Structures are given as structure tokens and as C-alpha cells.
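>>> here is a sequence with its predicted model. Questions after.
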Amino acid sequence: MTLLTINSNAFEPQDYTIRKTVKAVIVNDSNEILLFGNSLVGGGVEEGETDEQALYREAMEEVGMRIEIKKPIGEVIQYRDVLKKKYIVTGYVCKYISTVSDPTSDQRDERGIKAVWKKPEDVIVQLESEIMTLRNADQSAYEGDSYQSKLYNRETTVALLKELKVKNFSM
């Protein structure tokens, strides 16, 4: 699997806890991808859960969708310094099957986030612009992990979409 490290740490921190997460590049019949806010659908893999189970659960929680997992894209490593966590984010290409319900998430930060279908190249352009804005922002305006979270979620989405383009993937 392709390793796509996006952190800026010059060394591997030894005291960080590992948090395994998954992201779904959900593709519809028009070859558009689903953007959930400024990121991809996905989240943490819970103890005893497989990546596949986590993807299905996250798709239902965040967007109320059934998906079909096609194949892995690669792994992105993020070092979230405030949290002292090493996120291992595995991205998967998934096919949109159907919307079956309203989102079921009980997480306050996920409620009300809009999910929209966009062309992958448009998502890359949009997020690269947002990444530049974040990199040029005064980081002191962000509390806790907010800055790295916003930056890394966008960077992870771009990295996975670019990797898909390199692999010339088609449904």
C-alpha cells in the first residue's frame, strides 16, 4: 500500500498514541466524489472493528449512505501534536450504492455538515486553496487541535485524490 505522509515533523515522535482511521472516496455513477464539508467521509476505527466495518458505519453515521468498498488507495500518516497522536489514515475507493436514511451521527461537530458531489479535480483545486489560506493564517487564532485538524483533513483528502489520479483509477 502506498504511504502518503503529510506531517511536518522532522522525526518520528515516540510518545504518541496511535489512532487508526479510515476515509472513503465515495464515487457516484457520474465519477463525482462526495465531499463531506471539507473532507472525505470517515473516522476512527473502533476496537474490534475492521476497516470495512468502520467505513460502512461512518458512511451511515455521516451521510446515511450504503457504499461498496472497491479497493484501498494508500495510507496517510498525520502527527497531531496537541493530541500527541499518530493518525494512520487508510483511504479506500468506494462506490455509492444508495442513500437509505438521514445521517445517524450523534457527534455535535458532524451535525449539519453538508455533503456535496463534486468533480475530483474541482475538489483538489478548492482544498489546495484552503490549505494555502490555512498555512498563511495566524495559528494562534486556533484552539487546541483545531488548526492541525482543519489543515490535515484537507491535506489528506488531496493526497488520496491525487494518488487515485496517479493510479488512473476508474470505476
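Arrived safely.

>>> in this structure, which spans are strands?
Assigned by DSSP state E, the strands in the chain fall at 2-5, 17-27, 33-36, 41-44, 65-80, 85-99, 115-118.

>>> format those as a markdown table; extra columns: mean pLDDT, mean neighbour count and distance to Leu134.
All C-beta atoms are positioned from the backbone trio N, CA, C, and that covers glycine. As requested, the strands of the chain are exported to a markdown table (pLDDT from 0 to 100; neighbours: other CB atoms under 10 Å; distance: least, CB to CB, whole Å):
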| stretch | mean pLDDT | mean neighbour count | distance to Leu134 |
| --- | --- | --- | --- |
| strand 2-5 | 62 | 14 | 18 |
| strand 17-27 | 97 | 21 | 19 |
| strand 33-36 | 96 | 24 | 17 |
| strand 41-44 | 96 | 22 | 20 |
| strand 65-80 | 94 | 18 | 14 |
| strand 85-99 | 95 | 19 | 17 |
| strand 115-118 | 96 | 14 | 19 |
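
>>> compare these and give me the one nearest Ala141.
Proximity to Ala141, assessed across the strands of the chain by CB to CB, is greatest for strand 65-80 (17.9 Å).

>>> closest to Glu58 out of the strands of the chain?
Smallest distance to Glu58 across those (CB to CB): 4.8 Å, for strand 41-44.

>>> wait, doesn't Val76 sit right on Thr157?
No - counting by CB atoms under 8 Å, no contact exists between Val76 and Thr157, whose distance comes to 9.4 Å.

>>> can you check what angle separates whichever helix in the chain runs longest from strand 65-80?
What stands out as the longest helix in the chain, according to DSSP state H, is helix 146-166. Orientation check (axes from the mean of the first three to the mean of the last three CA atoms, to 10 degrees): helix 146-166 against strand 65-80 gives 120 degrees.
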